[in-house]
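> let me see the structure of the following:
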Amino acid sequence: MPQNIAVLDTQANLLRLLDDAAAGGDSLAGEAACVITDLLTLLKPQETLVVSLNKFTAHRAGKIVRLSPSETTILHCLLKVHPKIISMRDLHRAVHGTKVVRSVNTLRVMINHLRKRVEKELSITVHNHFGKGYSLQIHPINGGEVK
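Below you'll find the predicted structure:
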């Protein structure tokens with residue numbers, strides 16, 4: 001298995017652990033979340049994209065972008081399934097839960113706001129796959145390999 005794929009798999013597993021730790025809500029879960037975030041950064045510090053659900057930020061290569069709670073949730077969902085596609089339905093459920101259903105257009109507007117905030121600063125692109133959903137492309141920093 002190529003090293004960059006192994007790093008992405010490890011990152012995905014650590015992100016799942018981070019979700020579980022955040023859902024725990026106790027002090028041990030908070031400590032686990034800090035350790036997991038540190039591990040994500042150590043894997044490949046200049047390339048790693050870290051989304052903080054608590055602070056509503058995303059950071060990569062020393063750059064930090066502040067996000068709204070909805071944008072943070074969308075980016076987190078995209079990162080969890082990266083490089084796969086996540087459906088509009090799954091994104092809508094993650095952002096709005098079981099609340100009264102808002103229009104799909106509201107979610108599209110949120111994604112456009114997210115794009116404007118992260119594409120240049122963090123070198124990532126949110127792609128629309130018509131009729132399927134969205135995916136995340138993480139571009140190389142300083143000439144690395146495209147993921």
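> alpha carbons only for contacts and neighbour counts from here, please
OK.
> quick one, what contacts the nearest residue to residue 69 once chain neighbours are set aside?
Leaving aside its chain neighbours, residue 69 sits nearest to residue 56 (5.9 Å; criterion: Cα to Cα, 6 or more residues apart in numbering). Counting by Cα atoms under 8 Å, 6 or more residues apart in numbering, residue 56 touches 66-69, 72.
> ok, residue 56 to residue 65 distance?
Here the distance between residue 56 and residue 65 works out to 9 Å (Cα to Cα, to the nearest Å).
> thinking again about what came up before, just the buried residues from the contacts of residue 56, in PyMOL please.
Selecting only the buried entries of the contacts of residue 56 in PyMOL, with 16 or more other Cα atoms under 10 Å as the criterion:
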select buried, resi 67+72
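> among the contacts of residue 56, list the two that are farthest apart in space.
Within the contacts of residue 56, two members stand farthest from each other by Cα to Cα: 66 and 69, at 9.6 Å.
> tell me where the chain has helices.
3-24, 27-43, 69-81, 88-96, 104-122 (DSSP state H).
> C-alpha coordinates for the shortest one, PDB please?
In PDB, the C-alpha atoms belonging to helix 88-96 read as follows (Å, rounded to 0.1, in the frame of the first residue of the first chain):
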ATOM      1  CA  MET A  88     -27.000  15.500  -0.300                       C
ATOM      2  CA  ARG A  89     -29.300  13.500   2.000                       C
ATOM      3  CA  ASP A  90     -26.500  12.500   4.400                       C
ATOM      4  CA  LEU A  91     -25.100  16.100   4.400                       C
ATOM      5  CA  HIS A  92     -28.600  17.500   5.000                       C
ATOM      6  CA  ARG A  93     -29.100  15.000   7.900                       C
ATOM      7  CA  ALA A  94     -25.700  15.900   9.500                       C
ATOM      8  CA  VAL A  95     -26.400  19.600   9.300                       C
ATOM      9  CA  HIS A  96     -30.100  19.800  10.200                       C
END
